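Peer 1: Following is a predicted model, sequence given first.
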Amino acid sequence: MVFATARSIRRAQEFVQKVTIDALIAVNGAVIYQGEAKIKEHVIPEQAKHDILWELSEGGVKKIAAETETCVYSNHHAPDCDIVKWDFAENVPEPICRISVHHDDPEYIRSIVCRHEVLQLYTVYGEDLFDIDPAEAGKWNGIQFLSEYFSISTAEIATFGDDVNDIEMLRGCGVGVAVANAVDEVIAAADFICDTNDNDGVAKWIEKRIKFERRSLTNIELMSASSTS
């Protein structure tokens, strides 16, 4: 079983500590762990990192966060002990795997990102929060990597999702399941709909559809679950 989440490594730990998993795809596919070992990582290239953070800062964007594996550099206050207050006129001294931006003009953000082929853009939690990721990241890319790593066909993988960054993996794997309170695009992309995530929908679907033998899945070899985003 694999968790695939847009959450950081730090924020995913509350789930990882409760469930035994085979691997963790975090930061929307930018980082992959098997146990304590990091087996894959994508970071935003140095020049793109410098250029886009400088341009966003010079453009007056008031809420920018640049995420590393250990902390978040941010130009605005947030209730998180891992936040490092930062003026993005100065270069971030560490590799970063994601830039998050709050802004009310999606086209402005897209116009900046589209000039960098090494980056991709996701709109999350409505229309004013954007995640800028390395182009090689993404949950679906992470699942394809793990399918080769574990020698399991993607046709034998069941995925569960709720937001737009889950669509590729729902369509690409053998079975795609959307929770009932997923966004409309995810519902449309799924093969099945389960109960809501607030009502244990994923657990109910697994219990009904998949037979377990010890820790091995007999019907579907590997399962990737989206944990809220």
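Peer 2: Arrived safely. Numbering: from 1, shown residues only.
Peer 1: quick one, domains of this structure?
Peer 2: Structural domains annotated on the chain: 2-42+138-226, 46-134, as defined by automatic domain parsing.
Peer 1: so which of those is the most packed in?
Peer 2: domain 2-42+138-226 (a mean of 18; mean count of other Cβ atoms under 10 Å). All C-beta atoms are positioned from the backbone trio N, CA, C, and that covers glycine.
Peer 1: I'd like the mean pLDDT over it, please.
Peer 2: Domain 2-42+138-226 shows a mean pLDDT of 87.
Peer 1: In contact with the residue nearest to Val186 when sequence neighbours are not counted, which residues?
Peer 2: Excluding its sequence neighbours, the residue lying closest to Val186 (Cβ to Cβ, 6 or more residues apart in numbering) is Ala178, at 4.7 Å. Shown in contact with Ala178 (Cβ atoms under 8 Å, 6 or more residues apart in numbering): 160-162, 166, 170, 186-187, 189-190, 192-194.
Peer 1: and the residues you listed as TSV, adding secondary structure and distance to Lys49?
Peer 2: As requested, the contacts of Ala178 are exported to TSV (DSSP: H, G, I helix; E, B strand; the rest coil; distance: Cβ to Cβ, whole Å):
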residue	secondary structure	distance to Lys49
Phe160	strand	32
Gly161	strand	28
Asp162	coil	29
Asp166	helix	26
Leu170	helix	30
Val186	helix	30
Ile187	helix	35
Ala189	helix	31
Ala190	coil	35
Phe192	strand	39
Ile193	strand	39
Cys194	strand	38
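Peer 1: Which one of those residues is nearest to His76?
Peer 2: Closest to His76 out of the contacts of Ala178 is Asp162 (26.7 Å), distances taken as Cβ to Cβ.
Peer 1: From Gly172, how far out is the residue sitting nearest the centre point of the chain?
Peer 2: Centroid-nearest residue in the chain, with Cα atoms, centre = their mean: Asn28, separated by 1.9 Å. Remark: distance between Asn28 and Gly172 (Cβ to Cβ, to the nearest Å) = 15 Å.
Peer 1: Tabulate the contacts of Ala178 (CSV), appending distance to Ile9.
Peer 2: Formatted as CSV, the contacts of Ala178 follow (distance: Cβ to Cβ, whole Å):
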residue, distance to Ile9
Phe160, 20
Gly161, 20
Asp162, 20
Asp166, 19
Leu170, 24
Val186, 24
Ile187, 29
Ala189, 27
Ala190, 27
Phe192, 30
Ile193, 30
Cys194, 27
